[in-house]
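# sequence plus predicted model, see below.
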Amino acid sequence: DGGITQSPKYLFRKEGQNVTLSCEQNLNHDAMYWYRQDPGQGLRLIYYSQIVNDFQKGDIAEGYSVSREKKESFPLTVTSAQKNPTAFYLCASSITPQGLGGYTFGSGTRLTVV
Amino acid sequence: KQEVTQIPAALSVPEGENLVLNCSFTDSAIYNLQWFRQDPGKGLTSLLLIQSSQREQTSGRLNASLDKSSGRSTLYIAASQPGDSATYLCAVMILTGGGNKLTFGTGTQLKVEL
């Protein structure tokens, strides 16, 4: 079955550590996205990529970095510069580079700072 | 700036009841609107996608309507079941010069009781 796989499901980070969240899709979608979800807030866009080797900052990119070396993969690194990284992170994809045609989401990664 | 509001934030109904969830948005120049379901600790599951030229979409017991001019969408759930218990999110797509932007509401948490 086609879909988006996020791993790990749970991740614990120590202060000052960088961690990388994985997102892989086998839908042959062009565009991929990373969102952050906090209790009581709507999803907020961190980064997005419309095509391979290209990505753009979203609304809350500070403290995060991404790469898009393959169409199927869009990993997110949470750096030590992100002061409040504890949240639920969601990866999504859309069939067109412009994000038209609806979004498909993965099952999420819950990141906790310990 | 597009703002998306979902009222009520939480709703509890007895099994078998028909119900309506509301979504309103401030900028009516949307490209499409998508309804999602989110179970606790899980990712988002797409329910219905309505293009701006459409008035409604149906899938099983779900019917979503769109009134662009008034900035409103409703999700109608017929004959509710305990398995419908989840948070329901709406999201609107605005076309921009750069990356197109999907803006989410904060959701309605639905509980269907036996």
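Structure received. Residues are numbered from 1 along each chain as shown, chains lettered A, B, ... in the order given.

# all contacts plus neighbour counts: C-alpha atoms, from now on.
Fine.

# so where's chain B shaky on pLDDT?
B:98 (pLDDT under 70).

# how confident was the prediction at the residue most central in space within chain A?
Geometric centre of chain A, nearest residue: A:Trp34, 2.9 Å, by CA atoms, centre = their mean. Note on A:Trp34: pLDDT of 98.

# beta partners for it?
A:Tyr47, A:Cys91 (DSSP bridges).

# backbone dihedrals for the closest residue to chain B within chain A, please?
Residue nearest to chain B within chain A: A:Ser107 (3.9 Å; CA to the nearest CA). When quoted as degrees, to the nearest 10, the phi and psi of A:Ser107 stand at phi -90, psi 0.

# can you tell me which residues contact the closest residue to it other than its chain neighbours?
With CA to CA, 6 or more residues apart in numbering or on different chains as the criterion, A:Ser107 has its nearest non-adjacent residue at 3.9 Å, and that residue is B:Gly43. By CA atoms under 8 Å, 6 or more residues apart in numbering or on different chains, the contact set of B:Gly43 is A:90, A:105-108.

# next, count neighbours for the nearest residue to A:Leu43 once chain neighbours are set aside.
Leaving aside its chain neighbours, A:Leu43 sits nearest to A:Gln37 (4.8 Å; criterion: CA to CA, 6+ apart). Counted with other CA atoms under 10 Å in any protein chain shown, residues neighbouring A:Gln37 total 18.

# do the same with B:Leu48
Number of residues near B:Leu48 (other CA under 10 Å) recorded here: 21.

# again with A:Gln41
By other CA under 10 Å, 12 other residues sit near A:Gln41.

# ok, A:Ala81 touching A:Gly63?
Yes: shown here, A:Ala81 and A:Gly63 form a contact pair, counting by CA atoms under 8 Å, at 4.7 Å.
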